[in-house]
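Student: Dropping the sequence and predicted coords here.
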Amino acid sequence: MEKRRYSGLCRMVQKLTNVLKQMDPADPFRIQMTDTLLEKLYNMGVIPTRKSLALTERLSVSSFCRRRLSTVLVHLKYAEHLKEAVTYIEQGHIRIGPDTVTDPAFLVTRNMEDFITWVDSSKIKRKVLQYNDKLDDYDMIA
């Protein structure tokens with residue numbers, strides 16, 4: 001289901017790119033729309049840089065799948081395997097900013113990536129802190 005949506009998004013971006021490429025390169029509207037599109041895709045994390053419209057032609061479903069919360073957790077070493085990451089998310093151990101996220105398919109933007117952490121009441125967080133000798137004595141009482 002998700003892959004079909006991502007595929008549709010990729011097609012829409014590629015169509016938009018083709019329309020932009022057919023316009024005059026000096027057209028202010030084309031320049032503004034190109035910058036807007038590249039900025040949006042870069043902030044989402046599906047393209048590596050904002051430099052070229054050619055990056056949008058190589059956009060694929062896997063570009064979006066790599067930004068899913070479960071995949072990002074494995075990349076950030078919160079979990080060893082994808083299945084383990086999905087379990088942590090579904091059990092409510094992960095939060096982004098102040099919000100607990102329970103959907104493994106949640107798309108994580110570049111800005112959100114810095115705010116991924118364990119939920120305060122998570123036993124996994126407690127074990128990680130204990131393993132790293134960073135568990136506070138006050139936390140041990142609670």
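Tutor: Good, I have the coordinates.
Student: residues touching residue 124, list them.
Tutor: Residues near residue 124 by CB atoms under 8 Å, 6 or more residues apart in numbering: 88, 93, 118. Where you see a C-beta, it was placed from the backbone N, CA and C, and this is true even at glycine.
Student: Report pLDDT for it.
Tutor: Looking at residue 124, its pLDDT reads 80.
Student: Residue 77 versus the spatially most central residue of the chain, what's the distance?
Tutor: Central residue of the chain (CA atoms, centre = their mean): residue 108, 2.5 Å from the mean position. Between residue 108 and residue 77 the computed distance is 15 Å (CB to CB, to the nearest Å).
Student: do the same with residue 57
Tutor: Relative to residue 77, residue 57 is positioned 32 Å away (CB to CB).
Student: Of these two, which one has the most company?
Tutor: Just comparing residue 57 and residue 77: by other CB atoms under 10 Å the higher neighbour count belongs to residue 57, 13 against 7.
Student: Please put the alpha-carbon coordinates of stretch 97-110 into CSV.
Tutor: Below are the C-alpha coordinates for stretch 97-110, written out as CSV (Å, rounded to 0.1, in the frame of the first residue of the first chain):
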residue,chain,number,x,y,z
GLY,A,97,10.3,15.5,20.0
PRO,A,98,7.5,15.4,22.6
ASP,A,99,5.3,12.9,20.7
THR,A,100,5.4,9.1,21.0
VAL,A,101,5.2,7.6,17.5
THR,A,102,3.7,4.1,17.0
ASP,A,103,3.7,4.0,13.2
PRO,A,104,6.8,2.3,11.7
ALA,A,105,6.0,3.9,8.3
PHE,A,106,6.2,7.4,9.8
LEU,A,107,8.3,9.5,7.4
VAL,A,108,11.2,11.2,9.2
THR,A,109,12.5,14.5,7.8
ARG,A,110,16.1,15.7,8.2
